[in-house]
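*Asks:* here are the coordinates; sequence isn't available:
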């Protein structure tokens, strides 16, 4: 039984291409005492992966060349060599990387309950993107009822949850997304108050029309032009949460800094960075709350699942072209 | 008796020039009941003035065309038509504008005590720049003993006070200033731990050498390249205080946004804007504390005083060329 793996061959400049990764097959090693073998079903594809490939100081070390590409995943325990914490058939979430199998001593493996939600949801709403949204909007932005909340990447894995939680908490929510389908989705399915299609509308004009009173909170997943436009709409004592900057991750030259950053000064506002891992000790509590909201129909989840580990690169690039609907996932079980 | 005034004739694009302002003489009006006449001695020249000339939404309305250029000032009451709160000879600080005399009903006039400090100090350390430094470093940055504090414009009116207060509070302080004289001044006279001469050193290299452990607080008066370099040195949970962006105020095109802003995300840091007026109710308390520090020799004040209202434009431009030593002031009494 072989394990198909995607390894990092070359650090990309700009957008990853066919030279970035390589697929390889390796035999699955024998389990040592206390180890389990997990067959991975689904791999999470996230914008953060782009940062992990750069050889620069960041919140975690870069993926080493020739090692398996880092990724979150869910799968099932199919072998167990005397690890008392797991049983064959257990469903687990793990940093399993882009591969079909992973051997683990159980550290960093979390059991998930398929009765609560289907497996892919544990990579989305009940996984890292959901946790990011939950802690970002509640703990970092500290939204209050009545706040005007603007979120970019609003149809994406994080943004869609940010907006829905803000709605649950009684905020007015405006989402920025690319394309009509996504805008309809966040308005009609997710209950956002308004949507801005940055692909067909001038962002400044649209913000003027849809946020005439400005915004109390801007949750930024994209950076670039949209961050700049949002900064121009801050109300007094507003908060900007920096969660990501997908528009800038493939830049070959410098990142475009927000030209309107002095709006923070004029409006006495705050721009804060966040990294979801800082809230790890409260993930369980958050997941419980989100599961309740899902059951109540207040929080909807959407995954866009592609198949086949050999399609990893092509699928990954959808993160940046926007050709996906909801949380992007790759099914690697054959 | 005539009043020489500087009025705003044209909104400058880029650096103000001879077409920006006009000098005029107008007769001093008779005082109405309750009014006082103040003869202004010193006018405060501040980077913020540049922003007040732009016709854009900001924290206060722009200076209207053909009206007297806005400025803080100190002077003495020389006439009083039954205002019970003032006496002839009282020394007052006021938003008097760039002119020699001002008629006031007393609103916004604050008596200052020449026994505490000479008049120009009430435009510097005991005036707006001092208040900005005090509240910026204590209330916005919330420095703690042992923090590593980096400040730009470190020999200037705000920066020099920021650094000295941080030293008083037990921080390690590194100042960025332009030129050898200024760097020697902040190190040898003001007791900063280190100085970086951005005019003769590469800022990134110098920061690496002088802040090897990074910085907990960066107090930004300048924006541009220096802000960007400082962002690259943030420690975890650092704070960037946005006080100004003098390097960008005369830009004819867009402001250069900080390309390294995602460092806020990686380090979970916060960038906060501040406007000193928000702390007005506590100015008295702060001035009292700062006067004590001055008396104890812990807080030094330096003003660079030029003479003659007709030299306003030329003197003002020293703010941006850096050709000044300490708080820039124009003496307008003849």
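*Replies:* That came in fine, so what should we check first? Computed from a predicted structure; not experimentally measured.

*Asks:* what residues are up against the most centrally placed residue in chain A?
*Replies:* Nearest to the geometric centre of chain A sits residue A:129, at 3.8 Å (C-alpha atoms, centre = their mean). By C-beta atoms under 8 Å, 6 or more residues apart in numbering or on different chains, the contact list for residue A:129 reads A:46, A:123, A:156, A:157, A:158, A:161, A:327. Glycine gets a C-beta too; all of them are placed from N, C-alpha and C.

*Asks:* and it, what helix or strand is that in?
*Replies:* Under the criterion of DSSP states H and E, residue A:129 resides in helix A:128-135.

*Asks:* how far out from the middle of the chain is that helix?
*Replies:* Computed by C-alpha atoms, centre = their mean, to the nearest Å, the chain-centroid distance of helix A:128-135 equals 8 Å.

*Asks:* so for it, what's the average pLDDT?
*Replies:* Averaged over helix A:128-135, pLDDT sits at 96.

*Asks:* can you pull out the helices in chain A?
*Replies:* Ranges of helices within chain A are A:48-52, A:128-135, A:159-168, A:180-184, A:203-210, A:224-231, A:263-266, A:283-295, A:312-321, based on DSSP state H.

*Asks:* wait, does the first one contact chain B?
*Replies:* Yep, that's helix A:48-52 we're talking about. No: judged by C-beta under 8 Å from any C-beta of the partner chain, helix A:48-52 makes no contact with chain B; its nearest approach is 8.7 Å.

*Asks:* Which strands or helices does that helix pack on?
*Replies:* helix A:312-321 (3 or more C-beta pairs under 8 Å, 6 or more residues apart in numbering or on different chains; DSSP states H and E).

*Asks:* Please repeat the previous calculation with a cut-off of 10 Å.
*Replies:* helix A:128-135, helix A:312-321 (3 or more C-beta pairs under 10 Å, 6 or more residues apart in numbering or on different chains; DSSP states H and E).

*Asks:* dump the residue contacts of residue A:326.
*Replies:* The neighbours of residue A:326, taking C-beta atoms under 10 Å, 6 or more residues apart in numbering or on different chains as the test, are A:120, A:124-125, A:129, A:155-157, A:160, A:182, A:185, A:300-305.

*Asks:* Also residue A:53?
*Replies:* By C-beta under 10 Å, 6+ apart, the contact set of residue A:53 is A:8, A:10-12, A:16, A:20-21, A:62-63, A:65, A:69-70, A:249.

*Asks:* can we see that at 8 Å?
*Replies:* Here residue A:53 is in contact with A:8, A:11, A:12, A:16, A:20, A:62, A:63 (C-beta under 8 Å, 6+ apart).

*Asks:* now swap in residue A:17 and tell me
*Replies:* So, once contact is read as C-beta under 8 Å, 6+ apart, residue A:17 ends up touching residue A:313.

*Asks:* Quick check: the residue nearest to the centre of chain A vs residue A:301, distance?
*Replies:* 10 Å (C-beta to C-beta, to the nearest Å).

*Asks:* what's the overlap in contacts for these two?
*Replies:* Common neighbours of residue A:129 and residue A:301 (C-beta under 8 Å, 6+ apart) are residue A:327.

*Asks:* So which of the contacts of residue A:129 sit within strands?
*Replies:* Using DSSP state E, the subset of those located in strands is residue A:327.

*Asks:* Just give me the closest of the contacts of residue A:129 to residue B:189.
*Replies:* residue A:158 (50.6 Å; C-beta to C-beta).

*Asks:* What is the neighbour count of that closest one?
*Replies:* Close neighbours of residue A:158, defined as other C-beta atoms under 10 Å in any protein chain shown, add up to 30.

*Asks:* tell me the angle of the helix holding residue A:129 relative to helix A:283-295?
*Replies:* Put simply, helix A:128-135 runs at 90 degrees to helix A:283-295, going by axes from the mean of the first three to the mean of the last three C-alpha atoms, to 10 degrees.

*Asks:* Identify the residues contacting the residue lying closest to residue A:43 once chain neighbours are set aside.
*Replies:* Of all residues not flanking residue A:43 in the chain, residue A:330 sits nearest, at 4.5 Å (C-beta to C-beta, 6 or more residues apart in numbering or on different chains). The contact partners of residue A:330, by C-beta under 8 Å, 6+ apart, come to A:42, A:43, A:45, A:98, A:305, A:306, A:307, A:308, A:309, A:311, A:312, A:315.

*Asks:* Tell me how far residue A:330 lies from residue A:164.
*Replies:* Counting by C-beta to C-beta - residue A:330 and residue A:164 are separated by 24 Å.

*Asks:* And residue A:139, by the same measure?
*Replies:* For residue A:139, the distance to residue A:164 - C-beta to C-beta - is 17 Å.

*Asks:* What is the burial count for residue A:181?
*Replies:* 11.

*Asks:* for the closest residue to it other than its chain neighbours, what are its contacts?
*Replies:* Leaving out its chain neighbours, the residue that sits closest to residue A:181 by C-beta to C-beta, 6+ apart is residue A:325, at 7.2 Å. Residue A:325 makes contacts with A:155, A:181, A:182, A:185, A:302, A:304, as judged by C-beta under 8 Å, 6+ apart.

*Asks:* pLDDT added to those residues, as JSON lines?
*Replies:* Below are those laid out as JSON lines (pLDDT from 0 to 100):
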{"residue": "A:155", "pLDDT": "95"}
{"residue": "A:181", "pLDDT": "95"}
{"residue": "A:182", "pLDDT": "96"}
{"residue": "A:185", "pLDDT": "97"}
{"residue": "A:302", "pLDDT": "93"}
{"residue": "A:304", "pLDDT": "95"}
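
*Asks:* Most neighbours of all the residues you listed, which one?
*Replies:* residue A:155 (28 neighbours).

*Asks:* Tell me how many other residues surround residue A:294.
*Replies:* Count around residue A:294 with other C-beta under 10 Å applied: 19.

*Asks:* tell me which parts of chain A are close to chain B?
*Replies:* A:57-59, A:223, A:228, A:242-245, A:248, A:254-275, A:278.

*Asks:* swap the cut-off to 6 Å and go again
*Replies:* Applying C-beta under 6 Å from any C-beta of the partner chain, we find that chain A lies next to chain B at A:58-59, A:242, A:245, A:254-255, A:257-259, A:261-262, A:264-266, A:268-273, A:275.
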